[in-house]
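pasting the structure only:
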């Protein structure tokens, strides 16, 4: 069993002792020595950390206490031509997503954020893809965000990027364009795209 927390382009992988095997480019950190400060210091010279532990769930829970926890939802939205909806924001390609509001389910959030960020309304959730964990600094406060990702269908082709959220473009991407855009995105988005690839032929 293993779970990864991403720090933009860097990553901390929590893995059970039974499954532990360090990759060549990983720095090993013992559970007993784990802290946010230590990880950030390692990231100055290395992009990948692995934490072998008896219980990855307990280790992640303890590590998460050093962050402000938040939740979001988004997804891979396809139209009737099988094209995938992507947005371009802050120099990278991304998928529509956003923070879950009070009394809102992750599924409701994913549909709402798709509409707000791209103008595509009425998206229908087809399947849950995966959840990702992403840590980031918000004006000196470190947040740990769990994002729930879904596969969705949408018939509405009209796109209106949400400029207030720094989205400069929203595009329907064919397979070739999607592959190209994944070369200029975040590791979390690559993970989501990989999960979508596994099931897309079964649901479309």
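The structure has been received and is ready for your questions. Bear in mind that the values here come from a model prediction, so they are computed numbers and not experimental data.

so where is the chain shaky, pLDDT-wise?
1, 156, 203-204 (pLDDT under 70).

roughly how far does the residue of it most remote from its centre sit from residue 52?
Largest separation from the mean C-alpha position in the chain: residue 32, at 27.3 Å (C-alpha atoms, centre = their mean). Going from residue 32 to residue 52 by C-beta to C-beta, to the nearest Å gives 11 Å. No exception for glycine: its C-beta is placed from N, CA and C like everyone else's.

next: residue 101.
37 Å.

how close does residue 87 sit to residue 201?
Taken as C-beta to C-beta, the span from residue 87 to residue 201 is 25 Å.

could you do residue 119 as well?
28 Å.

neighbour count winner among those two?
Neighbour count, other C-beta atoms under 10 Å: between residue 119 and residue 201, residue 119 has more, with 15 against 7.

once you drop chain neighbours, what's closest to that one?
Spatial nearest neighbour of residue 119, chain neighbours left out: residue 160 (3.2 Å); criterion: C-beta to C-beta, 6 or more residues apart in numbering.

could you do residue 148 as well?
residue 106 (3.9 Å).

what do you get for residue 155?
The nearest residue in space to residue 155 (C-beta to C-beta, 6+ apart) is residue 80, at 6.0 Å.

and the helices in this protein?
All helices of the chain, identified by DSSP state H, fall at 36-42, 56-64, 106-118, 175-181, 187-203.

could these be laid out in TSV, adding distance to residue 74?
TSV is the format used below for the helices of the chain (distance: least, C-beta to C-beta, whole Å):
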stretch	distance to residue 74
helix 36-42	25
helix 56-64	21
helix 106-118	5
helix 175-181	15
helix 187-203	8
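
how many other residues sit next to residue 194?
By the criterion of other C-beta under 10 Å, residue 194 has 12 neighbours.

ok, now residue 197?
Per other C-beta under 10 Å, the neighbour tally for residue 197 reads 11.

which residues does the residue nearest to residue 132 when sequence neighbours are not counted contact?
Excluding its sequence neighbours, the residue lying closest to residue 132 (C-beta to C-beta, 6+ apart) is residue 188, at 4.5 Å. Going by C-beta atoms under 8 Å, 6 or more residues apart in numbering, residue 188 touches 6, 132, 134, 147.

okay then, goodbye and thanks.
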